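Asks: Below is the sequence, then the predicted model.
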Amino acid sequence: METMNKRLDSILEGQKKLEEKNMNLQQENAKLKSQLERKTVQTRRRSTRSSSKQSNVEILNDLRKLERRCSGFDVLKPSLSAKERMYCEEILFIDYMSSEESDYEEQEDPITGEKHRALVGYLTKKLPFERTMLANVKTKLDRAHRNTLTPHARQMAKSRHVGGVSERPAPEGPSWAVRLPQTNSSE
């Protein structure tokens, strides 16, 4: 009987040690996961396009747009399903952000009569390869970010409207997001 009690104590002690190790591994896993998420966001923010036609201002605007969508993703992440989270993570790269150009308008000062250019909004170039589902995911992220803004910031935000189609080639991406270029099958 005494031998059985010793074995039982030994088994319980071993089980306790395994549970402690398991808990430590889970904590370490969570820490590594959060570090990886932070690093991924930083990498996305630093990524640039290889297009030589694009100016630094356009790249900066695209990075801001990517940052806004990343912040929208952070807000939505707890409420998203695993599949929706995966979709967002697949497209949160600069390659999927449409180009924006500043839209200026000549305005006249009513007192001095001097004319100056004022920013009235942004012209967004539609991506020809963008599928409807990709547009819907991006809209959802934009809305989530906009909802985090103060009323004043929302009011001060410049309007965006489509001002042409981008000539950028389609990135290699998920089929749900990227429309493949049409090929002539008449041969």
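Replies: Now that the structure is in, tell me what you want to look at.
Asks: Please enumerate the helices of this structure.
Replies: 2-46, 56-76, 82-91, 132-148, 151-156 (DSSP state H).
Asks: Identify whichever of those lies nearest to Ile111.
Replies: Ile111 sits nearest to helix 151-156 of all the helices of the chain, at 23.4 Å, using CB to CB. For the C-beta atoms, the positions are set from N, CA and C on the backbone; glycine is no exception.
Asks: hmm, who's touching the closest one?
Replies: Helix 151-156 has contacts (CB atoms under 8 Å, 6 or more residues apart in numbering) with Arg146.
Asks: nearest residue to Glu114 other than its sequence neighbours?
Replies: Glu108 (7.1 Å; CB to CB, 6 or more residues apart in numbering).
Asks: Tell me if I'm right that the one you found and Ala118 touch.
Replies: No: using CB atoms under 8 Å, Glu108 makes no contact with Ala118, being 10.2 Å away.
Asks: follow-up on the earlier one: just so I know, which of the helices of the chain lies nearest Leu180?
Replies: Among these, helix 132-148 sits nearest to Leu180 (CB to CB), with 13.1 Å.
Asks: So for the top strand by length along the chain, what gets flagged as buried?
Replies: Secondary structure of the chain per DSSP state E: the longest strand is strand 115-126. By 16 or more other CB atoms under 10 Å, the buried positions in strand 115-126 come out as Gly121, Tyr122, Thr124, Lys125.
Asks: Same list, those, but as CSV with distance to Glu2 and pLDDT please.
Replies: Shown next, in CSV, are those (distance: CB to CB, whole Å; pLDDT from 0 to 100):
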residue, distance to Glu2, pLDDT
Gly121, 85, 86
Tyr122, 81, 83
Thr124, 80, 86
Lys125, 82, 87
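Asks: and which of those is nearest Lys6?
Replies: Thr124 (74.2 Å).
Asks: how much space is there between that closest one and Glu19?
Replies: Distance from Thr124 to Glu19, counting by CB to CB, to the nearest Å: 54 Å.
Asks: do the same with Arg160
Replies: 53 Å.
Asks: Please apply the same query to Lys65.
Replies: Lys65 is 46 Å from Glu19, by CB to CB.
Asks: of these two, who's got more company?
Replies: Shown here are Lys65 and Glu19; by other CB atoms under 10 Å, Lys65 has more neighbours (23 against 10).
Asks: Wait, that one touches Tyr96, no?
Replies: No: taking contacts as CB under 8 Å, Lys65 lies outside contact range of Tyr96: 10.0 Å.
Asks: Show me where the chain dips below the pLDDT cut-off.
Replies: For the chain, applying pLDDT under 70 flags the ranges 39-59, 182-187.
Asks: I'm done for today, thanks for sticking with me.
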